[in-house]
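Asker: Okay, predicted coordinates and the sequence, questions at the end:
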Amino acid sequence: EIVLTQSPTTMAASPGEKVTLTCRASSSVSYMHWYQQKSGASPKLWIYDTSNRASGVPNRFSGSGSGTSYSLTISSMETEDAATYYCQQWSSNPLTFGSGTKLEIK
Amino acid sequence: EVQLVESGGGLVQPGRSLKLSCAASGFTFSNYYMAWVRQAPKKGLEWVATISTSGSRTYYPDSVKGRFTISRDNAKSSLYLQMNSLKSEDTATYYCARHQGSSYFDYWGQGVMVTVSS
């Protein structure tokens, strides 16, 4: 099983600050996908195939990485970006999610 | 507009069974792999099952293999999850989700709560 380790577990950022969330895989994966989940709501696809923004996702969000190291970056934090972000892979069975990074506004 | 609406959740005793349903609309259901993903209270996301377009192939993690069965009825645009021998650790919100490219989930339902307790 590929274990996805997200860091940090929790962080707070000020409006306008650049934010980078990291997802490390225990073995190499071909693609990484990211979801945003706000409290009490269903997850939403945010970034797919490592670097593609889902429909409606602001262009301040970007994804990058390869092999075992992937990241989601917010170029300039906004209050609406406060949420929990999960990474996910299915390069090998079973499909796995990271444990999430909770991003708060400072 | 893509819509996924789950139903069938509730309180069930350990060892008993429950069947969840997901009604899909707004897209050609038979063209997509579908899945169930769960989230225990205040915990992260856990994949539960995936089914191919025709239903001929199913995939499960070890945590539910042999206890849960995913199925679909393409004529009714519906997805199901039969859960047997339920345990307290199966307590979670269960989401129906659409697979894209057999890899990621591009649409999610609102979720249905399942509580396993005596």
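Answerer: Now that the structure is in, tell me what you want to look at.

Asker: Tell me where chain A has strands.
Answerer: Applying DSSP state E to chain A gives strands spanning A:4-7, A:10-13, A:19-29, A:33-37, A:44-48, A:52-53, A:61-74, A:83-89, A:96-97, A:101-105.

Asker: strands paired with whatever helix or strand residue B:95 lives in, and their directions?
Answerer: Using DSSP states H and E, residue B:95 falls within strand B:92-100. The pairing partners recorded for strand B:92-100 under DSSP bridges are strand B:34-39 (antiparallel), strand B:104-108 (antiparallel), strand B:112-116 (antiparallel).

Asker: okay but residue A:12 is in contact with residue A:102, surely?
Answerer: No: the pair residue A:12 / residue A:102 is not scored as a contact, 9.3 Å apart, by CB atoms under 8 Å. From N, CA and C alone the C-beta is placed, and that goes for glycine too.

Asker: re earlier: what would the strands paired with strand B:92-100 look like in CSV with mean pLDDT, distance to residue A:20 and mean neighbour count?
Answerer: Output for those, formatted as CSV (pLDDT from 0 to 100; distance: least, CB to CB, whole Å; neighbours: other CB atoms under 10 Å in any protein chain shown):
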stretch, mean pLDDT, distance to residue A:20, mean neighbour count
strand B:34-39, 98, 25, 24
strand B:104-108, 98, 21, 22
strand B:112-116, 98, 34, 18
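
Asker: Among those, single out whichever gets nearest to residue A:60.
Answerer: Comparison of these against residue A:60 by CB to CB identifies strand B:104-108 as nearest, at 20.9 Å.

Asker: Tell me which residues are up against that closest one.
Answerer: Identification of contacts with strand B:104-108 by CB atoms under 8 Å, 6 or more residues apart in numbering or on different chains yields A:31, A:33, A:35, A:42-45, A:48-49, A:54, A:88, A:90, B:2, B:4, B:35, B:37, B:95-100.
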